[in-house]
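Trainee: Below are the sequence and a predicted model; questions follow.
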Amino acid sequence: MSGPTREFWEQRFAAGNTPWDRGEANPQLGLWLSSGMLKPCRILVPGCGSGYEVASLARAGFEVTGLDYAPIAIERTRSTLGSLKAELVVADALRWKPAQAFDAIYEQTMLCALYPDQWLAYAGQLRRWLVPGGKLFALFVQFLRPGLAPGAIQGPPYHCDINAMRALFPAPLWAWPKPPYPLTSHPAGLAELAAVLHRGA
């Protein structure tokens, strides 16, 4: 299975069928910013959607690039930005090659939007996009659906089990913080585990 297509996402945005959209930036981003853990740098937001995080980072003085598969999402991000400045790119995340690596990546929605068969390729992209020692600010979606048959895969969003994430981003390619990881609830009934990973050399 190849996973959701560009047309799938275009239709979801056009119909307003975007239950993952909070209408504002994720609270965890605010915590990372206020704590000083995330400081102004060159940062990528893949799967930027309506662009709330792109706008928050641009407002905080970051050099931001927003990436999305769907042109309609990029238009929403452009509207959210208003007079704020950011680079916006329409591209397939599994194939896109930036001209320069990033100091940090804010990963919230791209991984859980990809069919799990594509996760390994995407993890490779994340590593290529970051400078050595760069930081991956990750929010791993937790969405266990009651009544789902054992072994069944349903999404998007796809459940990002933390054990699977440890295997997807293994040492020494990535350095993980010690658990427990902060959990942020979501109005759509899911939650997100926050972890800041460092790219190994």
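Mentor: In hand now; what should we look at?
Trainee: Would you map the strands across this structure?
Mentor: Secondary structure of the chain (DSSP state E): strands at 42-46, 63-68, 87-90, 102-107, 130-142, 174-175, 183-185, 191-199.
Trainee: closest one to residue 8 among these?
Mentor: strand 63-68 (13.1 Å; CB to CB). All C-beta atoms are positioned from the backbone trio N, CA, C, and that covers glycine.
Trainee: That closest one: how far from the chain's middle?
Mentor: Distance of strand 63-68 from the chain centroid (CA atoms, centre = their mean, to the nearest Å) equals 11 Å.
Trainee: residues in contact with that strand?
Mentor: Contacts to strand 63-68, defined as CB atoms under 8 Å, 6 or more residues apart in numbering, come from residues 40-49, 51, 54, 57-58, 74, 77, 86-91, 93, 96, 98, 102.
Trainee: same deal with stretch 194-201?
Mentor: Taking CB under 8 Å, 6+ apart as the rule, stretch 194-201 contacts 28, 32, 37, 127, 130-140, 165, 169, 171-177, 181-184.
Trainee: ok, now stretch 163-181?
Mentor: With contacts defined as CB under 8 Å, 6+ apart, stretch 163-181 is touched by 119-120, 123, 127, 136, 138, 140, 162, 193-200.
Trainee: Narrow the contacts of stretch 194-201 to just the buried residues.
Mentor: 28, 32, 127, 130, 134-140, 165, 169, 174, 176, 181, 184 (16 or more other CB atoms under 10 Å).
Trainee: give me the number of residues near residue 64?
Mentor: Counted with other CB atoms under 10 Å, the neighbours of residue 64 add up to 30.
Trainee: Show me the beta-bridge partners of it.
Mentor: residue 43 (DSSP bridges).
Trainee: so what pLDDT did it get?
Mentor: Residue 64 is assigned a pLDDT of 98 by the prediction.
Trainee: What of residue 17?
Mentor: Listed pLDDT for residue 17 reads 65.
Trainee: Next: the one 5 residues further on.
Mentor: In this prediction, residue 22 carries a pLDDT score of 81.
Trainee: Next, give phi and psi for the spatially closest residue to it that is not a sequence neighbour.
Mentor: Nearest non-adjacent residue to residue 22, counting by CB to CB, 6 or more residues apart in numbering: residue 187, 6.6 Å away. Main-chain dihedrals, residue 187, degrees, to the nearest 10: phi -60, psi -20.
Trainee: quick one: residue 88 and residue 128, what's the gap?
Mentor: Using CB to CB, to the nearest Å, residue 88 is found at 20 Å from residue 128.
Trainee: same question, residue 165
Mentor: For residue 165 relative to residue 128 (CB to CB), the value is 18 Å.
Trainee: more neighbours, residue 88 and residue 128?
Mentor: Taking neighbours as other CB under 10 Å, residue 88 and residue 128 compare with residue 88 leading, 19 against 12.
Trainee: OK, contacts around that one?
Mentor: Per CB under 8 Å, 6+ apart, neighbours of residue 88: 48, 54, 65, 66, 68, 74, 77, 78.
Trainee: That concludes my questions; thank you for your assistance.
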